[in-house]
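Peer 1: Quick one, what's the 3D model for this:
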Amino acid sequence: MTEIDIGKAKRARRAYSFDDIAIVPSRRTRDPEEVSVAWQIDAYRFELPILAAPMDSVMSPDTAIAFGQYGGLGVLNLEGLWTRYEEPEPLLAEVAGLQGVQATHRLQEIYAEEIKPELITRRLHQIRESGVTVAGSLSPQRTKQFAKTVVDAGVDMFVIRGTTVSAEHVSSQAEPLNLKEFIYELDVPVIVGGCATYQAALHLMRTGAAGVLVGFGGGAAHTTRTVLGVAVPMASAVADVAAARRDYMDESGGRYVHVIADGSIGKSGDIAKAIACGADAVMVGSPFARATDAPGHGFHWGAEAHHHSLPRGERVEIGTVGTMEEILFGPSRVADGTMNLVGALRRSMATTGYTELKEFQRIEVVVQ
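Peer 2: Model (predicted):
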């Protein structure tokens, strides 16, 4: 791949964000009604290739249930307010009313409350009783501590999600999580990430994960690039990880690991571009935080925003545009790509002549 000179001592390759690329129409078009956007991971089939991000501004037990009933997969943050407090609604309302830098400090105070295993069990049971697929998320740092509680509560899909997750974490302070051993011993499929490079993704796939998350999560609300200087533009990241998936299939004799874009998915066009770059599905946060029925009350924040010593995110006001159902299926009252996400994906696929997501991954893209 072509590299460019940054200076005499450093070279770098050019990488592209979703804003840098566009999908090219093909010679054929389809009727949007003939398009299927369903996908399957392990034994679980979903009518929508969308996971709702495990962020307190997006997912509560109630919204996770609703999202599952709409055909997607809602992932509950098992380190969030719903597993720290019996009644978190007053705190969610308080967070929405905070001003300026006060917000970060108060978030740190609120999230200092200990996680309660019995609340993890209760929240997951609530989702399971609704009949939808149950998914919960832990950070790598908390996975060993709470994994048994999560599995015993009947989770269907275990998500290990961090800013950057590696298969080889080195630490002299504590015994690190051995992903390969952990996943091997679990009876449920695991989705793990984020990662952003071919090599990191390949190592995660070798742990036995059913899916890998591409990106750093928390896109609209994280400041990782500013605070740590760490970032990889998503179009290039997804394409690199898709290449790792292809090569791992050859290496493993046909085992397919799903690639899930997690970050910089702000508008409906970003979903189509992510799949065009090779993603099987997307994990979405900020578009659903704009739902009138989302727990964030028009505000959005992720786990990075309340780190006790080095916050790498912020609480942002993004407003509301409609219900979660309207954001997914329309009708849209705006022309900016924040509503009717599924309708837009269907039309994008139909406009380029594809009826299946796997086929749509082959569509031509151009750099703008």
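Peer 1: in the helix or strand where E118 lies, what's buried?
Peer 2: For E118, the host element (DSSP states H and E) is helix 117-129. Across helix 117-129, burial judged by 16 or more other Cβ atoms under 10 Å covers 117, 119-121, 123-124, 126-128. Just so you know, the C-beta spots here come from the backbone N, C-alpha and C atoms, and that holds for glycine as well.
Peer 1: ok, now stretch 59-72?
Peer 2: So for stretch 59-72, counting by 16+ other Cβ under 10 Å, buried means 59-61, 63-68, 70-72.
Peer 1: can you put the residues you listed in TSV and add pLDDT, distance to K267 and secondary structure?
Peer 2: Converted to TSV, these look like this (pLDDT from 0 to 100; distance: Cβ to Cβ, whole Å; DSSP: H, G, I helix; E, B strand; the rest coil):
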residue	pLDDT	distance to K267	secondary structure
M59	98	20	coil
S60	98	24	coil
P61	98	27	helix
T63	98	20	helix
A64	98	23	helix
I65	98	26	helix
A66	98	22	helix
F67	98	19	helix
G68	98	23	helix
Y70	98	19	helix
G71	98	20	coil
G72	98	17	coil
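Peer 1: closest to L51 among the residues you listed?
Peer 2: The shortest approach to L51 among the buried residues of stretch 59-72 belongs to G72, at 6.6 Å (Cβ to Cβ).
Peer 1: give me every residue that touches the closest one.
Peer 2: Contact analysis of G72 by Cβ atoms under 8 Å, 6 or more residues apart in numbering lists 46-48, 50-52, 328.
Peer 1: Check these for burial and list the buried ones.
Peer 2: Buried subset of the contacts of G72 (neighbour count, 16+ other Cβ under 10 Å): 46, 48, 50-52, 328.
Peer 1: Could I get the contacting residues of R315?
Peer 2: R315 makes contact with 95, 98, 103-104, 107, 221, 299-301, 305, according to Cβ under 8 Å, 6+ apart.
Peer 1: Strands along the stretch 201-350 of the chain, start to end?
Peer 2: Here the stretch 201-350 of the chain has its strands, by DSSP state E, counting those that start in this stretch, at 211-214, 258-262, 281-284, 299-300, 316-317.
Peer 1: May I see these organised as CSV, with mean pLDDT added?
Peer 2: As requested, the strands of the stretch 201-350 of the chain are exported to CSV (pLDDT from 0 to 100):
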stretch, mean pLDDT
strand 211-214, 97
strand 258-262, 97
strand 281-284, 97
strand 299-300, 94
strand 316-317, 90
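Peer 1: can the ones you listed go into TSV with extra columns for distance to R346?
Peer 2: Putting those into TSV (distance: least, Cβ to Cβ, whole Å) gives the following:
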stretch	distance to R346
strand 211-214	23
strand 258-262	18
strand 281-284	15
strand 299-300	26
strand 316-317	29
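Peer 1: before we move on, back to that, report the backbone C-alpha coordinates of the helix holding E118 in CSV.
Peer 2: Presented in CSV, the C-alpha positions along helix 117-129 are these (Å, rounded to 0.1, in the frame of the first residue of the first chain):
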residue,chain,number,x,y,z
PRO,A,117,-24.4,-8.1,40.7
GLU,A,118,-28.0,-8.5,41.7
LEU,A,119,-29.0,-5.6,39.5
ILE,A,120,-27.2,-7.2,36.6
THR,A,121,-29.3,-10.3,37.1
ARG,A,122,-32.5,-8.3,37.5
ARG,A,123,-32.0,-6.2,34.4
LEU,A,124,-31.1,-9.1,32.2
HIS,A,125,-34.0,-11.2,33.5
GLN,A,126,-36.3,-8.3,32.6
ILE,A,127,-35.1,-8.3,29.0
ARG,A,128,-35.3,-12.1,28.8
GLU,A,129,-38.9,-12.1,30.0
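Peer 1: And that helix, what does it pack against?
Peer 2: The contact analysis (3 or more Cβ pairs under 8 Å, 6 or more residues apart in numbering; DSSP states H and E) places helix 117-129 against helix 61-70, strand 73-77, helix 140-152.
Peer 1: Name the next helix or strand downstream of the shortest one, please.
Peer 2: If I follow you right, that is strand 73-77. Downstream of strand 73-77 (by DSSP H and E), the next one is helix 89-96.
Peer 1: do the longest one as well
Peer 2: Sequence order places strand 157-161 as the next helix or strand after helix 140-152, per DSSP H and E.
Peer 1: Average pLDDT for the following helix or strand past that following strand, rounded please.
Peer 2: Note on strand 157-161: by DSSP H and E, the next helix or strand toward the C-terminus is helix 179-185. Averaging pLDDT along helix 179-185 gives 90.
Peer 1: Hmm, K144 and L177 touching each other?
Peer 2: Yes. With contacts counted by Cβ atoms under 8 Å, L177 reaches K144, the gap being 5.7 Å.
Peer 1: what's the helix ranked longest in the chain packed up against?
Peer 2: Looking across the chain with DSSP state H, the single longest helix is helix 234-252. With contacts taken as 3+ Cβ pairs under 8 Å, 6+ apart, helix 234-252 sits against helix 198-205, strand 211-214, strand 258-262, helix 268-276.
Peer 1: Restricting to C-alpha, output the second one in PDB.
Peer 2: Output of strand 211-214 as PDB, limited to C-alpha atoms (Å, rounded to 0.1, in the frame of the first residue of the first chain):
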ATOM      1  CA  GLY A 211     -17.800 -11.000  16.000                       C
ATOM      2  CA  VAL A 212     -15.400  -8.100  16.300                       C
ATOM      3  CA  LEU A 213     -16.200  -4.500  16.800                       C
ATOM      4  CA  VAL A 214     -14.300  -2.100  14.500                       C
END
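Peer 1: That strand packs against which elements?
Peer 2: Packing partners of strand 211-214 (3+ Cβ pairs under 8 Å, 6+ apart): strand 190-195, helix 198-205, helix 234-252, strand 258-262.
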